[in-house]
Every structure is written in C-alpha cells, then in structure tokens.
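J.: here is my input; please provide its structure:
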Amino acid sequence: MPQKVRIALDAMGGDVGASVVIPGAAISLKRHPDTEFLLYGDSKLIDEQLAKYPALKAASHVVHTDVTVSMHDKPSQALRRGRKSSSMWLAIDAVKRGDAHVAVSAGNTGALMAMARFHLHTMAGIDRPAIAGVWPTARGDSVVLDLGATIGGDARHLVALAVMGSAMASVLLNRERPTVGLLNIGVEEIKGHEEIREAAELLRASQLNYIGFVEGDGIGAGAADVIVSEGFSGNIALKAAEGTARQMADFLRNAMASSWFSRIGYLFARSAFKALRDKLDPNKSNGGVLLGLKGVVVKSHGGISAEGFAYAVDVGYEMVRCDLLTKINHMLNRDGSALAQAQTAQEVVS
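T.: As a prediction, the model looks like this:
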C-alpha cells in the first residue's frame, strides 16, 4: 500500500468546475490527510480556489491546461478535441503513467468513459466497462451496475457485469459469496427481454451465487448484494431513486414546518429525523467506479455540491486503500477465471 494516495482531479469537470471540485477536495483531505492531489485545469481558476484552503494547496500540484471537455460534447468530439490536452484526459493519463493512483471527474460521462477506455484499456475478458456504485439499502449496502456507462448489452455482457460486481462486493462489502440478482420487470422466469432471460440461464449455470430476477423495489430492499442491469435501465433507476430521496426530504421538511405542533414534535424527534435525512442524502452515495479498466477512475455527478464531490473523492481513496484493482483482477483470473466459467456456461446453454 502506498504511504500517500495520489488523486488526479479533473478540476474543470462538472457543471461549475473548480468552484465545487476544489472545496470538495478540501473536505476529503480533512477526512484523509494522507492524500496528495494533482489538479488539472485552468490554473488561474484553480489558484483562486486554492487560496481559500491552505492545507489543500500544500498537498496539491497544479497542471495548467486551456482545454476543457464540455458537458455537451459527444464522446467522439471529446476524443478528437480533448485528447492529450484536456483536463479530463490529463487526469486519466496521470493514472496511466503511474503519477496518480486514481482519477476523479465530474465531467461528461460519455467522454470520460471513452477516454478512460481508449487510454487505460479493459481487463482481460471484459469487452465494455461499467459504472458501479455502492447503493444504501435496508440491509446495508449493495453494489449496483451498470449505472450508465453503456446502453444495452447482450447476455454475455450482463454476465460480465455480474462477475465484476461480485468481485467488487466481495472486496468492499466483505461477502465471501455475494448474492447476485438481475434487474427485471418481474421475478417470474418468463418476464423480461430475451437477453435478460438468456443471462439468467448463464448465471444459473455459472459458479456465481445467482438468486434470480429482482424488481425495481428490490434494490432499496437489499434483495441481493449485487444488482446487475444494462446501463440504460440502471441509470434511470439511479436517477429515480435520487429524485425520490430529495422529494421525501422536501415532504418531510414541509410537514415539520406546517404547524406549531409539528415543530414541537420535531424537537423531540430531532435525532431520528437527522438520521433519516442522512440516510436519504444522495450526496453520500455519489461516486461511481468505472469498473473493468486497467486503472481506477471514479465518476461524480456533474451537478453535485462540494460535499457530494468530496464523497466521490473518498470513493477513489477507498478504492486505492483496499487495492480493489488487484483483487478484482485476482478474482477474475483465479481458478481458471470466473468469467471464463460463465462463458463456458453460455456454450453449454446454447
């Protein structure tokens, strides 16, 4: 394990860039003082923010670039225009060259995925990376993927997601044999697209601890340690859950302010409401790992607050400290490779 965790930040990424990224890094540094930062972007804007945080300034090195990947750029445009010169590319390149252990960006998801895949490449046996997140549930936490890295996917892709998600859950959630469920519109075997039903057959024939289909409400219930979905459905589920959490928080706040009796009741139950608010806070689940790459990259929401971005930086820090990349590679390759076992199962089924 490194004595210091070096984190490369795309300081221009996200809806507002450095004005959120730098304060967020400062918050994370307080929680993890053994962190160093490489900050890529407009040095003038970065330095203006760093002046407010002396401890962060002392732990950071700024690399200037004039090129920023827009939130509206298509991945192909970002690669052509921002390759080798944008703040996003340079943060990823720092991981490639070994100057940083992890890159974190709140920038354009498609561009980040395209650049990371192009520059870092994927692990052996993995065709397409996925965004994997830790989802708070009634039973603790679950790993959910794909949260929007790619759209669609055949049965083999879903099986690959299950293998990577199981590896991540075994490391982060300390599960010896994490349970795996496929997100579907029903739990019956006849439900869902052909690709999902075929993936279910492959998973039943594999060595993974597959428990069957999981409906949308099963994610929050913690129906499985790993919930697998293609990126389109996974991203909708994520955004719906985050929107519902904010809505519930607003409903609760308005209800507590509706009358004097409600306000008095709030005083007696203040600690319970604080615990509920913390549980519903989407900031605390910010930060998705681009799983399947030969390097660690973390994606933050673009419109997140500084506190929320700090949690994404925390995720990157934790990925390095638990040596996630090495352990996932080990799990993918041990005993003849779990992924190879799943692919062999596909041949048997077909």
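J.: any idea which residue sits dead centre in the protein?
T.: Centroid check for the chain by Cα atoms, centre = their mean gives G288 as the closest residue, at 0.7 Å.
J.: can you tell me how far it is from K191?
T.: To K191, G288 is 27 Å away according to Cβ to Cβ, to the nearest Å. Just so you know, the C-beta spots here come from the backbone N, C-alpha and C atoms, and that holds for glycine as well.
J.: and if you look at I46?
T.: To K191, I46 is 50 Å away according to Cβ to Cβ.
J.: P136 against N286, yeah?
T.: No - using Cβ atoms under 8 Å, P136 is not in contact with N286, being 11.8 Å away.
J.: so which of these two has more stuff around it?
T.: Each of P136 and N286 had its neighbours counted (other Cβ atoms under 10 Å), and the higher figure belongs to N286 (26 against 19).
J.: that one touches A306, doesn't it?
T.: No - in this structure N286 lies outside contact range of A306 using Cβ under 8 Å: 11.1 Å.
J.: if we can go back for a sec, give me the more crowded residue out of I46 and K191.
T.: I46 (25 against 14).
J.: which element, helix or strand, includes that one?
T.: helix 43-50 (DSSP states H and E).
J.: what comes up buried for that helix?
T.: 43, 45-46, 49-50 (16 or more other Cβ atoms under 10 Å).
J.: what does stretch 194-208 give?
T.: Residues of stretch 194-208 classed as buried by neighbour count (16+ other Cβ under 10 Å): 195-203, 205-206, 208.
J.: among those, which lie within strands?
T.: Residues of those located in strands (DSSP state E): none.
J.: picking up where we left off before, and the two most separated of the buried residues of helix 43-50?
T.: The largest distance within the buried residues of helix 43-50, taken as Cβ to Cβ, falls between S43 and Q49 and amounts to 10.9 Å.
J.: with pLDDT and distance to L252 as new columns, can the buried residues of helix 43-50 be given to me in a markdown table?
T.: Rendered in a markdown table, the data for the buried residues of helix 43-50 read as follows (pLDDT from 0 to 100; distance: Cβ to Cβ, whole Å):
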| residue | pLDDT | distance to L252 |
| --- | --- | --- |
| S43 | 95 | 43 |
| L45 | 95 | 37 |
| I46 | 96 | 38 |
| Q49 | 95 | 33 |
| L50 | 96 | 37 |
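J.: the longest helix along the chain - what's its average pLDDT?
T.: Here the longest helix in the chain is taken by residue count, with DSSP state H as the criterion, and it is helix 231-256. Helix 231-256 carries an average pLDDT of 77.
J.: against which helices or strands is that helix packed?
T.: On a contact count with 3 or more Cβ pairs under 8 Å, 6 or more residues apart in numbering; DSSP states H and E, helix 231-256 meets strand 130-137, strand 140-145, strand 179-183, helix 217-221, helix 260-268, helix 270-280.
J.: direction included, what does the first one pair up with?
T.: What that stands for is strand 130-137. Looking at strand 130-137 with DSSP bridges, its paired strands and their directions are strand 140-145 (antiparallel), strand 288-291 (antiparallel).
J.: could you export that strand as CSV, CA atoms only?
T.: Below are the C-alpha coordinates for strand 130-137, written out as CSV (Å, rounded to 0.1, in the frame of the first residue of the first chain):
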residue,chain,number,x,y,z
ALA,A,130,-19.4,-0.3,-16.4
ILE,A,131,-20.2,2.3,-13.8
ALA,A,132,-20.6,0.5,-10.4
GLY,A,133,-21.9,2.2,-7.3
VAL,A,134,-22.5,1.3,-3.7
TRP,A,135,-26.2,1.7,-3.1
PRO,A,136,-27.5,2.1,0.5
THR,A,137,-30.3,-0.4,1.3
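J.: give me the buried positions along it.
T.: Neighbour-count burial for strand 130-137, with 16+ other Cβ under 10 Å as criterion, is recorded at 130-137.
J.: pull the residues that contact that strand.
T.: Counting by Cβ atoms under 8 Å, 6 or more residues apart in numbering, the neighbours of strand 130-137 from elsewhere in the structure are 109, 113, 141-150, 161, 164-165, 168, 172-173, 219-222, 227, 231, 234, 238, 241, 279, 284-285, 287-292, 299, 315.
J.: so that strand versus helix 231-256, what angle?
T.: Taking axes from the mean of the first three to the mean of the last three Cα atoms, to 10 degrees, strand 130-137 and helix 231-256 form an angle of 30 degrees between their directions.
J.: how about G110, what does it touch?
T.: Applying Cβ under 8 Å, 6+ apart to G110 gives the contacts 74-75, 78.
J.: tell me which helix or strand it sits in.
T.: According to DSSP H and E, G110 maps onto helix 109-120.
J.: L39 pairs with what?
T.: Where L39 sits in a bridge, its partners, by DSSP bridges, are L9, V62.
J.: OK, contacts around it?
T.: The contact partners of L39, taken as Cβ under 8 Å, 6+ apart, are 9, 11, 21-22, 25, 46, 50, 60-63.
J.: A51 too?
T.: Listed by Cβ under 8 Å, 6+ apart, the contact set of A51 reads K57.
J.: thanks again, I'm all set now.
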